[in-house]
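predicted structure and sequence below. I'll ask about it afterward.
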Amino acid sequence: MPVLAVTGKLAEGDVRKAAMGFDCDIYVADVEVAAFITPYHIKNIDLSKYDLVLVPGLAKGDWKKLEKEKGVKIRLGPIHAADLRIILKNLDRIELSHEVPACRLLNAVMTEENLRMVDAIEDCAFEIGDTKIGGNSRMKVVAEVVDAPLLERDELIQRIEYYLENGADIVDIGIPLECNVGDAIRAVKTALDYCNAVSVDTFNERIIEESVKAGVHMVMSVGRENVKVLEKIGNSAVVVVERNVGELIKLVELAKKHTEKVIADCILDAPFGTVQSIVRYVHFREADRETPVLLGVGNVTELSDADSIGMNALLAFMAEEIGADLLFTTEASPKTRGSVRELRVASYMAKAAKLRKSSPKDLGFNLLSLKEKVTYETCRPENAIEAKPGKFVRDPEGDFRIWIHNGKIVCSHEKLTVAGDAKSIGDTVIAKGLISRLDHAAYLGRELQKAEIAALLGKNYIQDAELNFGVYSKQALLNFIH
């Protein structure tokens, strides 16, 4: 398919580099910035030998009208020149648009295709509530509400809903060691009212028995110490736990005499026992290829002072390679906030990659947070002067105090307190006449944006202090190196 890529003078080199090896010619319009290209810039050129004309993704104009006049398909390409290559490679997968940049369309198409492919898998070993377990189905995320009976009912419901919204397939009710049966069962029944797949995690045989009667779908942590509880497991699924692979196989066989829904847990130990734990899982899977397997990945993330997102991704990929079926986690500490969502995404990435026989990349969705796949080239500044800070002058209209509460930015002035996102707060402050100096407006914009970034990343925000990005902080990196 002969293609013409239209660009501006500044991006010409990047576009030519990206188009190399494809049946794609380049037309450089008489404009510096590609985004400023309009139908006017190409209306007088001959497009008849092309099947497709790609204009910059942010270019404005009535491209549909020009397409009709020229008799050639004219569509929006990617926003960034570096993404042109992947668009040219995937032209047969997407119907390009007059309004939506090609890179956004391709991501949406790839996401939809891969999600649909994973969700279409029907075979499973059994169901827990309405959740398919085992077989070739996607690994399911089990999210524990730690010390659930100690929470007020509304707080427990809020926690359950949070887990479900973030992708938990099964909600686990964690029971503290010292807990009376009544409180435990109230928590279990509350979960059953709001979730279609509920498990209970306790060694207390009485609580397990009453939870089964209440209709709990799965019982966690049955080992040699409380093996007698298998006699009262009913139709519930059961997770049997044991580090010794030979003993675990015996436990699985014993449990299957009481229920068909048996899951094995070799116990994933936190660093530095993780490698040996993985070896146990591999050995178990070699000995038993049918019984669903659970990995308690939260053991590793909770006990490591490192961001959970990368660890959850890697552990999920390893779990898929092993042949695991459930990923168990919690969000008991601020540093593991988001783990449920991370594992949900990772479970789709892992299964899609396995089905495609590819690496878990270029799927249309990812777990990249602080880093990106592509670095877009920028032009060298010419005749730039060195920026210098100005003197502080107090705004006669007054000062602002900024903080984050429940994920929203709060901006307080002596005349008004407003909550929301950075742009809306800035617009409101201006509309209410609460700011009179340009330098104060610039300051407020910087702080509001810092607060918004902190809120999105789940980090603390302190007004006038640098955001803490660990080794990504310039000063922290210098301290670490030296």
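Everything's here; your move.

which stretches of the chain have low pLDDT?
471-482 (pLDDT under 70).

nearest residue to the middle of it?
In the chain, the centroid-proximal residue (C-alpha atoms, centre = their mean) is residue 342; its distance is 4.6 Å.

check which helix or strand that residue maps to.
Taking DSSP states H and E as the definition, one finds residue 342 inside helix 339-356.

name the helices or strands packed onto that helix?
helix 102-119, strand 140-145, helix 308-322, strand 326-330 (3 or more C-beta pairs under 8 Å, 6 or more residues apart in numbering; DSSP states H and E). Backbone N, C-alpha and C define where each C-beta goes, glycine included.

each with direction, which strands does the helix or strand that that helix is followed by pair with?
As assigned by DSSP H and E, the chain's next helix or strand after helix 339-356 is strand 401-405. In the sheet, strand 401-405 lines up against strand 408-413 (antiparallel) (DSSP bridges).

what comes into contact with the strand it pairs with?
398-404, 417-422, 425, 429, 434, 444, 448, 451-452, 455 (C-beta atoms under 8 Å, 6 or more residues apart in numbering).

drop anything exposed from those.
400, 402, 404, 418-420, 422, 425, 429, 434, 444, 448, 451-452, 455 (16 or more other C-beta atoms under 10 Å).

so which of these belong to strands?
Counted as lying in strands by DSSP state E, out of those, are 402, 404, 418, 419, 420.

closest to residue 338 out of the residues you listed?
Of all those, residue 404 has the smallest distance to residue 338: 15.8 Å, by C-beta to C-beta.

could you dump the helices and strands packed on helix 339-356 into a markdown table and include mean neighbour count?
As requested, the helices and strands packed on helix 339-356 are arranged in a markdown table below (neighbours: other C-beta atoms under 10 Å):
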| stretch | mean neighbour count |
| --- | --- |
| helix 102-119 | 17 |
| strand 140-145 | 28 |
| helix 308-322 | 21 |
| strand 326-330 | 26 |
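
how about these in CSV, adding distance to residue 38?
Listed next are those as CSV, based on distance: least, C-beta to C-beta, whole Å:
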stretch, distance to residue 38
helix 102-119, 18
strand 140-145, 48
helix 308-322, 41
strand 326-330, 50
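
quick one, which of the ones you listed is nearest to residue 201?
strand 140-145 (6.2 Å).

do I have it right that residue 220 meets residue 204?
No - Residue 220 is beyond contact range of residue 204, at 11.9 Å (criterion: C-beta atoms under 8 Å).

okay, these two: which has more neighbours?
residue 220 (27 against 20; other C-beta atoms under 10 Å).

who does that one bridge with?
Note on residue 220: beta-bridge partners residue 201, judged by DSSP bridges.

quick one: end-to-end length of stretch 429-441, please.
Start-to-end span of stretch 429-441 (C-alpha to C-alpha, to the nearest Å) is 9 Å.

let me see the residues that make contact with it.
The contact list for stretch 429-441 (C-beta under 8 Å, 6+ apart) reads 390, 393, 395-398, 400, 411, 413, 415-416, 418, 444.

which of these sits closest to residue 363?
residue 411 (38.3 Å).

gap between that closest one and residue 392?
Relative to residue 392, residue 411 is positioned 19 Å away (C-beta to C-beta, to the nearest Å).

that older thread, and the helix holding residue 342, how far out from the chain middle?
Offset of helix 339-356 from its chain centre (C-alpha atoms, centre = their mean, to the nearest Å): 10 Å.

mind listing the strands for the stretch 1-150 of the chain?
Per DSSP state E, counting those that start in this stretch, the stretch 1-150 of the chain carries strands over the ranges 3-7, 24-28, 52-55, 73-76, 126-128, 131-133, 140-145.

just those strands: most buried one?
The highest mean neighbour count among the strands of the stretch 1-150 of the chain, using mean count of other C-beta atoms under 10 Å, belongs to strand 140-145: a mean of 28.

what pairs with that one, parallel or antiparallel?
Counting by DSSP bridges, strand 140-145 is paired with strand 170-174 (parallel), strand 326-330 (parallel).

helix or strand next in line after it, which one?
helix 153-165.

so which residues make contact with that following helix?
Residues outside helix 153-165 that contact it (C-beta under 8 Å, 6+ apart) are 143, 145, 148, 151, 171, 186, 187, 190, 191, 194, 195, 340.

the same query, at a cut-off of 7 Å, please.
143, 145, 148, 151, 171, 187, 190, 191, 194, 195, 340 (C-beta atoms under 7 Å, 6 or more residues apart in numbering).

now stretch 363-382
10, 14, 80, 82-83, 107, 110-111, 114, 309, 313, 342, 345-346, 349, 352, 472.

now swap in stretch 207-226 and tell me
By C-beta under 7 Å, 6+ apart, stretch 207-226 touches 128-129, 170, 172, 175, 181, 184-185, 188-189, 192, 197-203, 205, 229-230, 232-234, 236-242.

make a ChimeraX selection of the buried ones in the residues you listed.
The ChimeraX command for the buried members of the contacts of stretch 207-226 (criterion: 16+ other C-beta under 10 Å) is given here:
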select :128,129,170,172,175,184,185,188,192,197,198,199,200,201,202,229,230,232,233,236,237,238,239,240,241,242
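
the contacts of stretch 207-226 in helices, which ones?
Among those, DSSP state H puts 181, 184, 185, 188, 189, 192, 205 in helices.

how about the strands paired with strand 140-145 in a markdown table, adding distance to residue 156?
What follows is the strands paired with strand 140-145, written out as a markdown table (distance: least, C-beta to C-beta, whole Å):
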| stretch | distance to residue 156 |
| --- | --- |
| strand 170-174 | 9 |
| strand 326-330 | 14 |
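
so which of those gets nearest residue 69?
Going by C-beta to C-beta, the one of the strands paired with strand 140-145 nearest residue 69 is strand 326-330, 55.0 Å.

convert the C-alpha atoms of the closest one to CSV, please.
Listed next in CSV are the C-alpha coordinates belonging to strand 326-330 (Å, rounded to 0.1, in the frame of the first residue of the first chain):
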residue,chain,number,x,y,z
LEU,A,326,-4.6,-17.6,41.6
LEU,A,327,-2.6,-14.6,42.8
PHE,A,328,-3.1,-13.6,46.4
THR,A,329,-2.4,-10.1,47.7
THR,A,330,-3.4,-7.4,50.0
